Every structure is written in C-alpha cells, then in structure tokens.
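Colleague: Sequence first, predicted coordinates after that:
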Amino acid sequence: MASADVDTEQTLTCLHMKMYHPQQQDPRIFSALELCKRQEIRAEDVVMFGRDVTCCTFKLLHNKVSRMQFALQFFKQMNSTAMGFEIKNLSKKTKLYVDGLELTYLNKVDLPSKCMIRFGEFQMLLENEAGESEDKFAIYCEVSRFPVVQEISDPVMVAIPENGPLYQSNHHQPLSLPPTPPPVEVDENDV
C-alpha cells in the first residue's frame, strides 16, 4: 500500500543542444563534452561554455573559442511558472548571435524555446523541453553530422543593416522584410 504523501518526482527542464562545426572531424573539438547524456545541474549554477578547462562546465576545445565564450542561466519567468534560460556573451573578441540578434561582450537575452546560436564557425540548435522542477535542470548535448542551420524551417541568418537590426516591440526577433519586387522592363519611348 503506497503512502498518499510520498513525494512525486518532478520532471526537469532540459535544454537540448545540437552542435555543429565544419571542422568537427578533428576529434578534439567536442572531446571534453559528455555527449548524448543528460547532465543535471543545480538551478542556481551558471553554466559556462568555452575553452577554459578550469572554469567552464562545457568545454569546446578549438583555438577560435574564447576562454569563456558564453554563459547560460536558468530562471523562472516573473509572475509565471515557466522556467527558461538566458544567455550572456562572455567573449570580448567574438560576437554571439541568437537567431539573428547580435550580442556583443556582456550582452544577454532570454532564449526562445527553440533557437539557433552562432559564434565563429559554431552553430548550435537549442530546444527547451519544459519541466516542473525549480531545483535542477538538465542539458543534453549532441553533435550533428550536418549544419544545424539546415534543420530550421525559417532562415535565421538575417543580415544586419549598417544602422543596426530592426526590432519588433519587446521582442528580439528581427522583423522580416518584404521581398523585393521583380524588375519591370520599361521601353525608352514609354517614359
């Protein structure tokens, strides 16, 4: 007979990360990651990605990766039960792109539930699988054989105009621009 007040195990929010680098045939790049395994992390911990083997939780061993590339922090949305992640660029040299949004050093943004992040030649497709626990979360990393940009149905590599990105109100997604109309042939005599 089971007790009615036995704690039920809460599901963990899990951030799935599918990674790609064009030189990933070099086995060192992703060798320091525990691939295809859910890694449980305490909710209050900041998760660091980069090349520094002493302070980074997830190490990317490539000479173009900054010592500390970016950080992920787990948080609960204000006035909501939804759990999410924010990402902060920690690299002074390399810009980080979340979908089409450019983050320079120390810029941070909330991650959408599914997004593409890019820095240097690295591409990462991130998907947030919602959970209930406020104590822990998980990260699951895998390497894609193909560029992950191909897995996104909408193009995310949006060109950023010289005067800065276009924004929708309160969202970081760039506005989609209407297609350019085809050229119209005009006869010199019609002008």
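Modeller: It's in.
Colleague: alpha carbons only for contacts and neighbour counts from here, please
Modeller: Fine.
Colleague: Identify each buried residue in stretch 32-45, please.
Modeller: Across stretch 32-45, burial judged by 16 or more other C-alpha atoms under 10 Å covers L33, I41, A43.
Colleague: Look up the closest residue to the residue positioned nearest the centre of the chain, ignoring the ones flanking it.
Modeller: In the chain, the centroid-proximal residue (C-alpha atoms, centre = their mean) is I117; its distance is 4.0 Å. Excluding its sequence neighbours, the residue lying closest to I117 (C-alpha to C-alpha, 6 or more residues apart in numbering) is V98, at 4.5 Å.
Colleague: Pull up the per-residue confidence for that neighbour.
Modeller: The model reports V98 with a pLDDT of 96.
Colleague: could we number from 51 for the rest of this?
Modeller: With the count now opening at 51, the last piece we talked about shows up as V148.
Colleague: List the buried residues in stretch 175-189.
Modeller: L175, L176, E177, N178, E179, A180, G181, E184, K186, F187, A188, I189.
Colleague: outside of it, which residues touch it?
Modeller: With contact meaning C-alpha atoms under 8 Å, 6 or more residues apart in numbering, stretch 175-189 is reached by 60-69, 88-94, 124, 126, 132-134, 163-167, 198-199.
Colleague: Which two among the buried residues of stretch 175-189 are spaced furthest apart?
Modeller: L175 and E184 (23.8 Å; C-alpha to C-alpha).
Colleague: Find the residue closest to F80 in space, skipping its chain neighbours.
Modeller: In space, F80 is closest to L110, 5.8 Å off (C-alpha to C-alpha, 6+ apart).
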